[in-house]
Structure formats: C-alpha cells, structure tokens
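A.B. asks: pasting the sequence and the predicted model now:
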Amino acid sequence: MEALKKNPAWKGRRGPLVLVIMDGVGYGKYKDGDAVADSKMYHLEAIKAKSPHTKLKAHGTAVGLPSDADMGNSEVGHNAMGCGRVFNQGAALVSQSIESGNMFKGQAWIDVISNVKKTGGTLHFIGLFSDGNVHSHLDHLKAMIREAKKEGAAKVRIHILFDGRDVGETSALDYLDPFEEFLKTENSGSFDARIASGGGRMWITMDRYGADWSMVERGWKTHVLGEARQFGSAREAVETYRKEIPGIIDQDLKEFTVAENGKPIGTIEDGDSVIYFNFRGDRALEITAAFEEDKFDKFDRQRRPDVCYAGMMEYDGDMHVPKRYLVSPPAIDRTMGEYLAATGVRTLAISETQKYGHVTYFFNGNRTGKFDEKLEDYVEIKSDVVPFEQRPWMKCAEITDTVTQAITSGKYDFIRLNYPNGDMVGHTGVYQAVVCSMEGMDIQLGRLAKAVDAAGGILVLTADHGNSDDMFEHKKDGSVVYKDDGSPKAKTSHSLNPVPCIIYDPEFKGDYDNTELNEGLGISSIAATCIEFLGYLPPEDYDTPIINLKN
Ligand SMILES: O=C(O)[C@H](O)COP(=O)(O)O
Ligand SMILES: [Mn+2]
Ligand SMILES: [Mn+2]
C-alpha cells in the first residue's frame, strides 16, 4: 500500500481531525415522531450555526443496498464512510448469487447438502426471521429450502429469531403465518420442513461484540440442546408470551421449542448440517464461534454436535470466519484506515461495546485487526447490559472523557468515534428515552467542540443512517399510526432519511470554500473529505469530497 501524497492546497491545522458518527441521527421527514428535532440540542444547533453543513444520503443504492426502498444500517454505513466508495453489499450479493444459481454450485452448499444425504441427518437453518434486509431476508431462506428439497434433503428444521427491530415492532405473525403456509406447500411424503425453535433476536443468539454472551448461551440451549419452554407451534409461543408479558415487542420475545410428546422436534445432532442464514457479520460471529471453535470458554456448551456448519457469508475477512460460507462478501479493499496507516497518520478509534466494532471492524471493511499497531489505538468502553431505555445516556460521557483527553494530548492526528445513543435507544421505540439520549449526547457535543476550539482542530459531525428522527409508524398518506389505546405506534427500525454533515473548523484558513459544500452526495464522501482535512490527496477512485479545496 502506497502512502497518500501531501496536498499542497491544505494549510494545516494545529489540532486533530475529530470525526463524530452520531449513530442513527438523521433529518426527519415527519414532524411527528422526529425525536431529534424535538430534543433540545443547544450545542448541536450552536455548532451548526457557525459551520457549513449539508445533508448526506445514507440509504439504498447510495450505500450499496439493492434499492432505495432499503433503509441504511450500521454495516453498510460504516463500510461506506471508511472505504470511500460504494460496494454492492451482502443483501444484494446474496440475492444475485441465488438468482444466478451460483450459491447452489458453490462448494459450501454442496458440502452441507451432501453431508445430510450421506448421514441421513437434518439440515438446520438459523437466522433472523424477517425481510428487513439488514442481517437477512426471508426470500433467501425460502429459496434455500426449495433447493434443498430439489436436491434430496429429507428433513429440514428452522430456528427463527423474531425481529421487531429492522421491521415493525410487533410484526412476527405477519412473517410467521405466510411462512407456515409456504412450508405446508413444500412438505410432502419425502420432505419434512418445520420450525423447531426460536425467540427474540435481542434475547437469544444474536449478541454482538461480546456485549452479552448469555444471549448466545440461551440460543445454544434453545436451538442445539432443545432446552426451552415447549409449545405446539411457533405461533402458540408468540401468542402465549404476548399474553403473559403485556407490551413485549418481538425482539424481546422469550425462547421456545416446538415439541411433540414432550420432545423438541429439532435438536441439532451429530451428522446434521447447519446454515446460519444471516449475511451480516456482527451478530453472526458469536454463535458461529460456538459451533466452530474447539477451545471455547464463553459458556458451557454441554454438548457440541459434530455438524457441517456454513455461514451465509464470510463474516470476518481477517480471521476467515466462518470456515465455510455460501456467498463471498463484497471485496472491500484500500480502505481509508489502511491508507492512513501507510501514510503515518496517528489514529484513535473509540466507542462503547455496542458500537465498538462499527468504528473498527465495519469501518475497516469488515476486518477485525489493526493496520498498524504503533499508529492506531482502538478503545472500547464497556456498555451496560441493560435495556437502553433505562439508561439512554449510555456511555457517551465516558467516550467523551477519553476523546477530550486524546484531543488535548496531541497524540493523534485523526480521532473517530461513534455515539450509539440515537440508534440503540431509537431501537427501543421509547420516545421519552430517545429525547433523553439526544440531550445527553448534545452535552457531550458541547464538550467536544470546546476541546477542538482549544486544540485548534476540526470537528466533522455526521451519522451512518437515521433512526431517532423517525420514531412513529406513518401511513402512506403521512399520517401517524395510532394504537388502540390512542398512543402512536412506535417505529423501532432505521429510517430512510438523510443524515447531517457539519464541518466545524474554528481556525479556518481560507483553504476551502466554506460558504458552499458539494450537495447531493452520500456518506461515502466522508472518507475523501477526512483525507483532505488531514492534508492529503484522496485516492482518485474515492467518492467526491464534500469540501472544495482552493488551489
Ligand atoms: O443489529 C441491529 O441492532 C439492527 O439490526 C441494525 O442496527 P445497526 O445497523 O445500527 O447496528
Ligand atoms: Mn448504525
Ligand atoms: Mn441500528
């Protein structure tokens, strides 16, 4: 990797460049439910009033998703910001691989199918049960079930993780009923496919970044060992839990197995095959480790079946996890982090556990490691393990403590951080908590601006996608959806809205046009913009910077 060339047009600044990713903070489309606009963000407003600012696209094709109906998400957003270009992402790549038939010609698929045909074992699917297209899509699951049947697999068991986070908060049955119908039409004398176990995605299996391994342990017990409360069907489980725990939303539904005569119908046994059908890696790596690792100390697996395991994609490009995968991930290369390390730029990346991998792993194109141990520091502040509506301020103050010290220390040229509040609290759907999270974060933005003033640096405020800017469900005509009790129906998923890009440069030297920024760009333009603010020429194929340097 070549070093970046110095940019003669840049006049330099005394202090570091600080890139702030306000996760899930966009510009709302509707007044009702825009918790960002509804919050008192005095510091953000004051910074904005003094600074050039624009809106950036953060959804759909602007971040490599199949269509502009797809909301943005953290993976594609951080990939785009960190890599400076837009790559076709997992959602699109898996669909293409299914359509072209390449998935079913690949060695991983051949392995899982031939394994169960040889052993007479069961083919299991585990994954997120929705069409959210953030971690998975039900169409992919259905295509694989059809193909497995065609190729002679006899028994299929499906382990479903209810969503309610990338789709409507209580939409589980909208997916479950049609899927059971689909299974009915596929099932025959020689083909037996059934839902065997499951639970809410924020309760079992889909933990990320080691935040709460007990979730994965519960998932393992449920899917593999069959140790969970027994029901006659998944629908019965959903209805029972909803009755027993009023107000529960899908992502939190408790674990269940489907059982007959007191026996779970789909435990995972020696000789079986398992496909984890999520294409996104952060919430796939832990359950994959439980299946794949010989030495494993995160919880007691009790029994580790000898299975042929495949992930939908390669989840970690450094560590090559999982060993077997159905579709190759986007070939993200020459990331900004790699260039900066080759150029000698001293970097700090920091967030709390829930978003730590976003500013490291996702930002670096889905690679866990550093590019240069000497030049880069990665800091994780431990997240609380509580429902975030109970602690909406999360760790934004602690992150800021470290960042303000880092700004003052003179140790870094580039600091990037992620404040998770707008996203993690946004996903809870609790409006008051979201407002609190925004106001808590705003206090920290004020502290950052002060530190940047003193150090003579530059602060760039942006986001990876919207979420807290769109907290109510709306009908097609724009009116709010209300529940039976008269309160607005909460929207827990991300939004399609654009995100801010605010450039706070207190020691502006006239080296770029600060009256007019380039308009109509997407968040992939953040990379070239940061490279220019660090005094270098961006690689030619990076997307256009947001500023125009004067020559
Ligand atoms: O994994 C999650 O929490 C959601 O599916 C998406 O949120 P993120 O893309 O902001 O992480
Ligand atoms: Mn995000
Ligand atoms: Mn999110």
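C.D. replies: Everything's here; your move. Ligands and ions are numbered 1, 2, ... in the order given.
A.B. asks: now do the contacts for the residue nearest in space to the middle of the chain.
C.D. replies: Nearest to the centroid of the C-alpha atoms of the chain, with distances taken as Cα atoms, centre = their mean, sits Ser74, at 4.1 Å. Shown in contact with Ser74 (Cβ atoms under 8 Å, 6 or more residues apart in numbering): 23, 282, 355, 358, 362, 423, 464-465. No exception for glycine: its C-beta is placed from N, CA and C like everyone else's.
A.B. asks: quick one: it from Ala193, how far?
C.D. replies: Applying Cβ to Cβ, to the nearest Å, the value for Ser74 to Ala193 is 32 Å.
A.B. asks: swap in Lys263?
C.D. replies: For Lys263, the distance to Ala193 - Cβ to Cβ - is 18 Å.
A.B. asks: neighbour-wise, which of those two wins?
C.D. replies: Ala193 (24 against 10; other Cβ atoms under 10 Å).
A.B. asks: and the pLDDT at whichever residue of the chain sits closest to ligand 2?
C.D. replies: Going by Cβ to the ion, ligand 2 is nearest to Ser74 of the chain, at 3.1 Å. On the pLDDT scale, Ser74 is placed at 97.
A.B. asks: those residues of the stretch 351-500 of the chain touching ligand 1, which are they?
C.D. replies: Listed as neighbours of ligand 1 in the stretch 351-500 of the chain under the rule Cβ under 6 Å from any ligand atom: 423, 427.
A.B. asks: residue ranges for the strands of the stretch 351-500 of the chain, please.
C.D. replies: Remark: strands assigned in the stretch 351-500 of the chain by DSSP state E, counting those that start in this stretch are 376-381, 414-419, 458-462, 499-504.
A.B. asks: for the last one, the distance to its chain's centre please.
C.D. replies: In other words, strand 499-504. When distances are taken as Cα atoms, centre = their mean, to the nearest Å, strand 499-504 is centred 22 Å away from the chain's centroid.
A.B. asks: run through who's touching it.
C.D. replies: 22, 25-27, 44, 47-48, 50-56, 58, 449, 452, 458-466, 514, 517, 523, 526, 529, 546-547.
A.B. asks: so for the helix or strand just after it, what's the average pLDDT?
C.D. replies: Remark: after strand 499-504, the chain's next helix or strand is helix 525-533, criterion DSSP states H and E. Across helix 525-533, the average pLDDT comes to 98.
A.B. asks: repeat for stretch 165-179
C.D. replies: Stretch 165-179 comes out at a mean pLDDT of 98.
A.B. asks: what is the end-to-end distance of it?
C.D. replies: Terminal residues of stretch 165-179 are spaced 19 Å apart (Cα to Cα, to the nearest Å).
A.B. asks: are that stretch and ligand 1 in contact anywhere?
C.D. replies: Yes. Contact between stretch 165-179 and ligand 1, assessed by Cβ under 6 Å from any ligand atom, occurs at 165-166.
A.B. asks: from the chain's centroid, how far away is that stretch?
C.D. replies: With Cα atoms, centre = their mean, you get 19 Å for stretch 165-179.
A.B. asks: how about the helices of the stretch 1-150 of the chain, start to end?
C.D. replies: Counting by DSSP state H, counting those that start in this stretch, the segments of the stretch 1-150 of the chain that form helices are 42-49, 74-83, 90-100, 102-105, 107-119, 138-150.
A.B. asks: ok and the second one relative to helix 525-533, angle-wise?
C.D. replies: Interaxial angle of helix 74-83 relative to helix 525-533 (axes from the mean of the first three to the mean of the last three Cα atoms, to 10 degrees): 30 degrees.
A.B. asks: and helix 74-83, is it in reach of ligand 1?
C.D. replies: Yes. Using Cβ under 6 Å from any ligand atom, helix 74-83 reaches ligand 1 at 74-75.
A.B. asks: got the CA positions of that helix in CSV?
C.D. replies: Provided in CSV are the C-alpha atoms of helix 74-83 (Å, rounded to 0.1, in the frame of the first residue of the first chain):
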residue,chain,number,x,y,z
SER,A,74,-24.5,0.4,10.5
GLU,A,75,-22.6,-2.1,8.5
VAL,A,76,-23.2,-0.5,5.1
GLY,A,77,-22.9,3.0,6.5
HIS,A,78,-19.6,2.4,8.3
ASN,A,79,-18.3,0.5,5.3
ALA,A,80,-19.1,3.4,3.0
MET,A,81,-17.6,6.1,5.3
GLY,A,82,-14.5,4.0,6.0
CYS,A,83,-13.9,2.8,2.4
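A.B. asks: so how far is it off the chain centroid?
C.D. replies: The answer for helix 74-83 is 10 Å, by Cα atoms, centre = their mean.
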